[in-house]
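In: no sequence for this one, just the structure:
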Ligand code: FES
């Protein structure tokens, strides 16, 4: 599903780019801007951020959460 209409970015692209950023050895905080840049785009109107933020953080393990459930959730995608 297209989430960002300015850049025609789908939820899948955003989720995958966020996962790559998280796994990068020098990975910093995963922000919408960082994810957009990783995809070769930049935010324009910002109207999609309300939808983008939960998508890019949905697979992110919570701090201190090392439960099997979190690991399963990560590998299921
Ligand atoms: S809809 Fe994503 S920047 Fe405009």
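Out: It's in. This one's a predicted model, so the numbers in the text were calculated from it and none came from an experiment. Numbering: from 1, shown residues only.
In: chain center to the helix or strand hosting residue 35, what's the gap?
Out: Using DSSP states H and E, residue 35 falls within helix 32-38. Averaging C-alpha positions (Cα atoms, centre = their mean, to the nearest Å) puts helix 32-38 9 Å from its chain's average.
In: quick check: residues of this structure near the ligand?
Out: Residues of the chain lying near the ligand by Cβ under 6 Å from any ligand atom: 4, 5, 6, 7, 43, 44, 45, 46, 47, 48. All C-beta spots, glycine's among them, are computed from the backbone N, C-alpha and C.
In: quick one: which of those is most hemmed in?
Out: residue 4 (25 neighbours; other Cβ atoms under 10 Å).
In: excluding sequence neighbours, find me the nearest residue to that residue.
Out: residue 48 (4.2 Å; Cβ to Cβ, 6 or more residues apart in numbering).
In: quick check: the one you found touching residue 1?
Out: No: counting by Cβ atoms under 8 Å, residue 1 is not a contact partner of residue 48; they are 11.5 Å apart.
In: ramachandran angles for residue 41?
Out: Main-chain torsions, residue 41, degrees, to the nearest 10: phi -130, psi 180.
In: what's the burial count for it?
Out: 17.
In: show me what contacts it?
Out: With contacts defined as Cβ atoms under 8 Å, 6 or more residues apart in numbering, residue 41 is in contact with 4, 7, 9.
In: how close does it get to residue 1?
Out: 17 Å (Cβ to Cβ, to the nearest Å).
In: give the helix, strand or coil label for the residue nearest to residue 45 when sequence neighbours are not counted.
Out: Excluding its sequence neighbours, the residue lying closest to residue 45 (Cβ to Cβ, 6+ apart) is residue 6, at 5.6 Å. Under DSSP: H, G, I helix; E, B strand; the rest coil, residue 6 falls in the coil class.
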